[in-house]
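[1] okay, sequence plus prediction incoming.
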Amino acid sequence: MAADRRRAWKGTLLAGIGVIAFSGSFPATVFAMRGLDPYLVAIGRAAFASIVAVICLKAAGAPLLPPRAHLRSYGLIVLGVAVGFPLFSGLALHSGASTAHSAVVIGLLPAATAACAVLRAGERPRALFWLACAGGVVSITAFTLTRGSGEFAGADLLLVLALLSAAVGYTEGGRLARAEPGWRVISYALVMAAPVTVPATVVLALVTDPRLTAVSLAGFAYVSLISMFLGFIPWYAGLAIGGIARAGQVQLTQPLLTLVWAWLLLDERFGVATVVAATAVLVCVAVSQGSRRAADPGRERGPRARLGRRPLPDTGESGAGRA
């Protein structure tokens, strides 16, 4: 029991490190789009991150492509986090959604990820977990809507698409990270996407007339290296160790962290409502982390992630314990 608890909190800690890295993504995207086309930012970040991924794979002596048995799951990661989330969230920000309003995506993402974990990873959280999750979602949604106009606009469709994309990509990555180290999971996804993202980035750079300023380059560097690569290493490891649904609830804190970055970097202001929302979310996270799951995939379903009802083939290396 004590070992299980330590393992769960280790997963939570690793997931929390990933959340801190991801929390700067929206402000960094705003900075990048001050000189770069939103499509160039969305696609280019994956292209540049794929270069880092290739270097890491070569340095480790690993193959550049994942096992063929896992290609479907890696394809979902590509569509979800390498293309879908950056594209849809970037377009939402470009169309006028503020950083605070866009935080709705992150507020709803843990619930969507937990639902995907039930469908794809065979996890079965208890009722208390879902109540805590719902409480966090309601708190974040109410907070972000009251900061905005209180209405859903056209950009919200893009935010919902970004939400669904990320939930699928996170779930598949968390499953695969039970059999591969987290860095290798995101590296393989980026390399698989490279035949599309690299040529598209070159074309977009030629036709969109980018303005390379210090601010735009700094923002682009952040979303390429941290949001698109380094942040996923502890994030996927945390999901694999702590459970996709449970560890994923740490992301309920991400909108509030994003607002702190927005205040520091973009001069967006917040007041007492932020403190109230922060307290409510932290309580919900504590409850969700303390809830016992009816089925722990790391113990009752074996060390490998599952594809539907079948275990992933053994690749000869378990990565659940490593970032």
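    Nice, I can see it.
[2] would you agree residue 115 is in contact with residue 167?
    Yes. Taking Cβ atoms under 8 Å as the definition, residue 115 is a contact partner of residue 167 at 7.3 Å. (Each C-beta comes from the backbone N, C-alpha and C, glycine too.)
[3] looking at the two, which is more packed in?
    residue 167 (26 against 15; other Cβ atoms under 10 Å).
[4] secondary structure class for the more buried one?
    Secondary structure, DSSP: H, G, I helix; E, B strand; the rest coil: residue 167 is helix.
[5] name the helices or strands packed onto the helix or strand hosting residue 254?
    Following DSSP states H and E, the helix or strand that holds residue 254 is helix 254-266. The contact analysis (3 or more Cβ pairs under 8 Å, 6 or more residues apart in numbering; DSSP states H and E) places helix 254-266 against helix 2-22, helix 25-32, helix 99-120, helix 127-147, helix 272-290.
[6] among these, show me which one is buried the most.
    helix 25-32 (a mean of 26; mean count of other Cβ atoms under 10 Å).
[7] ok, then the element right after that one?
    Heading C-terminal from helix 25-32 (DSSP H and E), you reach helix 38-59.
[8] how about that following helix: buried residues?
    38-50, 52-53, 56-57 (16 or more other Cβ atoms under 10 Å).
[9] I'd like the mean pLDDT over the helix or strand where residue 75 lies, please.
    Residue 75 is part of helix 71-77, with elements assigned from DSSP H and E. For helix 71-77, the mean per-residue pLDDT is 94.
[10] cool, stretch 54-65 as well?
    If you average the pLDDT values across stretch 54-65, you get 95.
[11] how far does it sit from the chain's center?
    Mean-position distance between stretch 54-65 and its chain equals 23 Å (Cα atoms, centre = their mean, to the nearest Å).
[12] now do the same end-to-end measure for it.
    End-to-end distance for stretch 54-65: 10 Å, by Cα to Cα, to the nearest Å.
[13] surely residue 73 meets residue 177?
    No. If you go by Cβ under 8 Å, residue 73 and residue 177 don't touch, sitting 10.8 Å apart.
[14] neighbour count winner among these two?
    Neighbour count, other Cβ under 10 Å: between residue 73 and residue 177, residue 177 has more, with 30 against 24.
[15] ok, that one touching residue 233?
    No. In this structure residue 177 lies outside contact range of residue 233 using Cβ under 8 Å: 9.5 Å.
[16] alpha carbons of stretch 191-199, in CSV - could you do that?
    This file holds the C-alpha atoms of stretch 191-199, laid out as CSV (Å, rounded to 0.1, in the frame of the first residue of the first chain):
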residue,chain,number,x,y,z
VAL,A,191,9.6,12.1,-36.2
MET,A,192,6.5,10.5,-37.7
ALA,A,193,5.0,14.0,-38.3
ALA,A,194,8.2,15.4,-39.8
PRO,A,195,7.5,14.4,-43.4
VAL,A,196,4.5,16.8,-43.3
THR,A,197,5.5,19.4,-40.7
VAL,A,198,9.0,20.2,-42.1
PRO,A,199,8.0,20.8,-45.8
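[17] buried sites along that stretch?
    191-194, 197-198.
[18] now swap in stretch 215-227 and tell me
    Quick answer for stretch 215-227 (16+ other Cβ under 10 Å): 216-217, 219-220, 222-227.
[19] circling back: can I get the helices and strands packed on helix 254-266 in JSON lines including mean pLDDT and distance to residue 212?
    Converted to JSON lines, these look like this (pLDDT from 0 to 100; distance: least, Cβ to Cβ, whole Å):
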{"stretch": "helix 2-22", "mean pLDDT": "87", "distance to residue 212": "24"}
{"stretch": "helix 25-32", "mean pLDDT": "94", "distance to residue 212": "11"}
{"stretch": "helix 99-120", "mean pLDDT": "76", "distance to residue 212": "23"}
{"stretch": "helix 127-147", "mean pLDDT": "76", "distance to residue 212": "33"}
{"stretch": "helix 272-290", "mean pLDDT": "71", "distance to residue 212": "35"}
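[20] alright, that wraps it up for me.
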